[in-house]
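Participant: Just the structure for this:
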Amino acid sequence: MVDRGTDGESTGPRRGGAEWLKGARIVAVLGIFYRPEGRMGEPEAVSFVLDDGQSVRFTCTSDGTLHVGAGTWPRLPDWCVPAAQWEFAALAGLPQPPEGGWTVLSTDERRDERGEVHGAVIRCEGGRFVIVGGDTVGVRFTRGHRGAAAAT
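Facilitator: So this is what the prediction gives:
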């Protein structure tokens, strides 16, 4: 499901178009936090852990765009230096996954006029995850298609 470039970094989990996660089951959504800032801060990245053991990571780049690629769950990414000051942690405001996880119905990347990814939507049974890039990664879950968003 995940494509890797020649440097070992992911070129993205995409299979083509906006359907690169369709059918996958999300069993956890975890933020990657720099501990000295505490969990009160926003995560530097967010990992969606899939039932097959793979993960998809959303990370902000220095220009505020959103990089979508293969995660390293349960290992922290190489850029978490020193590793002892980083951790995976649950995100406040997101619901617990249902029994067996959320089944992905569709995905959509939000791009700017230059084609750069700044956000993504993962539609699942029972709701959708909205991921937004910036200085840090923001994630909210909306129940149904028009429900109230859960804050992060």
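Participant: Look up how far Gly138 lies from Arg123.
Facilitator: 18 Å (Cβ to Cβ, to the nearest Å). C-beta: built from backbone N, CA, C; applies to glycine.
Participant: Return, as residue ranges, the portions of the chain with sub-threshold pLDDT.
Facilitator: The chain contains residues with pLDDT under 70 at 1-19, 37-40, 144-152.
Participant: Which stretches in it count as strands?
Facilitator: Along the chain, the stretches classed as strands by DSSP state E are 3-4, 10-12, 25-34, 45-50, 55-60, 66-70, 86-90, 102-111, 117-124, 127-132, 138-143, 149-150.
Participant: The third one: partners in the sheet, and parallel or antiparallel?
Facilitator: Looking at strand 25-34 with DSSP bridges, its paired strands and their directions are strand 45-50 (antiparallel), strand 86-90 (antiparallel), strand 102-111 (antiparallel).
Participant: Next, the buried residues of it.
Facilitator: Arg25, Ile26, Val27, Ala28, Val29, Leu30, Gly31, Ile32, Phe33 (16 or more other Cβ atoms under 10 Å).
Participant: Take the residues you listed and write them to CSV, including distance to Gly119.
Facilitator: Compiled in CSV, the buried residues of strand 25-34 are given as follows (distance: Cβ to Cβ, whole Å):
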residue, distance to Gly119
Arg25, 22
Ile26, 17
Val27, 23
Ala28, 21
Val29, 16
Leu30, 19
Gly31, 16
Ile32, 18
Phe33, 21
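Participant: Taking these, tell me the two that lie furthest apart.
Facilitator: Arg25 and Phe33 (24.5 Å; Cβ to Cβ).
Participant: hmm, back to that, identify whichever of the strands paired with strand 25-34 lies nearest to Phe58.
Facilitator: With Cβ to Cβ as the criterion, Phe58 lies closest to strand 45-50 of those, at 4.9 Å.
Participant: what's in contact with the closest one?
Facilitator: Residues external to strand 45-50 that are found in contact with it (Cβ atoms under 8 Å, 6 or more residues apart in numbering): 24-32, 55-60, 71-73, 77, 88, 91, 101, 122, 129, 131, 137, 139.
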